[in-house]
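let's see this in three dimensions:
(one chain, ligands or ions: 2)
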Amino acid sequence: MAHEDNKGSGVRTPPTRVGIMGGTFDPIHHGHLVAASEVAHLFDLDEVVFVPTGMPWQKDPAKVTPSEDRYLMTVIATAENPQFRVDRIEIDRHGPTYTIDTLRQLRASYGPDVELFFITGADALGAILGWQNADELFELAHFVGCNRPGHRLSDSGLPEGKVSLVEVPALAISSTECRERVRKGEPIWYLVPDGIVRYINKTGLYRDS
Ligand SMILES: Nc1ncnc2c1ncn2[C@@H]1O[C@H](COP(=O)(O)OP(=O)(O)OP(=O)(O)O)[C@@H](O)[C@H]1O
Ligand SMILES: O=C(O)c1ccc[n+]([C@@H]2O[C@H](COP(=O)([O-])O)[C@@H](O)[C@H]2O)c1
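Ligands and ions are numbered 1, 2, ... in the order given. Alright, predicted model coming up:
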């Protein structure tokens, strides 16, 4: 029962089906966590690896929180789930963050027999043809697109058989809105895990952004 072992007894067996949840996580919120949990369930994944971006090249660097804060928040938010882990692979890599590099590295470390599933929301999936080496991405992992309020979920233009579209419980939460709420002094309780509210309060993140 390899899957059961990875879901709580503390005994680790090598995973065979691995989800990868990439994101800036600035901050991580319940929309990310629900999508990862639901895809893990639907695709019978052994684990989901959260990969906070190092330098998201399509975002304004001046507006992105230091990677160590985003990494720590991702660890805090996922710590209680034995199926979730966080990888520093993009935080520790220099230069702009390209998913193609991450998938190549993860493919090399997991080996050829492990199935990789890259989890995205509808907005990210819709922009994927603008990513670095877009064609090769689909050779390294299967892509799973999740519905997200305010965005149309579509695989139009994407290679056939390489992408699945799934319905997850819809949460109209974005990191942008969380940051904005903190800046305005509005609560973010229940939009993000309690530990993230406390981390943001303790560090003063987003207050003056
Ligand atoms: N509420 C949500 N439901 C489903 N998927 C989501 C949701 N929020 C984010 N995602 C997906 O999670 C991944 C990482 O998203 P990201 O860290 O950029 O969060 P975000 O809320 O979109 O941030 P921002 O508002 O700063 O752009 C992306 O694939 C994104 O589409
Ligand atoms: O590889 C690329 O060129 C690329 C361009 C934009 C986004 N991504 C990845 O898409 C995921 C979601 O990104 P974001 O910006 O919505 O947080 C995250 O893992 C990013 O590294 C990847």
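
okay, now the unreliable bits of the chain?
The model of the chain has pLDDT under 70 over residues 1-11, 209.

closest point of it to ligand 2, which residue?
Nearest to ligand 2 in the chain, going by CB to the nearest ligand atom, is residue 22, at a distance of 2.1 Å. Backbone N, C-alpha and C define where each C-beta goes, glycine included.

in the sheet, who's paired with residue 121?
residue 146 (DSSP bridges).

I figured it hits residue 35, correct?
Yes. Judged on CB atoms under 8 Å, residue 121 makes contact with residue 35 at a distance of 6.5 Å.

shared neighbours, the two?
residue 146 (CB atoms under 8 Å, 6 or more residues apart in numbering).

so which of the two has more stuff around it?
Between residue 121 and residue 35, counted using other CB atoms under 10 Å, the more crowded position is residue 35 (26 against 21).

contact partners for the more buried one?
Contact partners of residue 35, counting by CB under 8 Å, 6+ apart, are 21, 119, 121, 146, 168.

how about residue 70?
Per CB under 8 Å, 6+ apart, neighbours of residue 70: 24, 25, 26, 27, 28, 52, 53.

residues in contact with residue 29?
Applying CB under 8 Å, 6+ apart, the residues contacting residue 29 are 171, 173, 174, 175, 178, 191, 192, 196.

could you double-check that the third one lies in contact with residue 31?
So that's residue 174. Yes. Under the criterion of CB under 8 Å, residue 174 is in contact with residue 31, at a separation of 7.1 Å.

who has more neighbours, those two?
The neighbour comparison of residue 174 against residue 31 (other CB under 10 Å) goes to residue 31, with 25 against 17.

sweet, I'm off.
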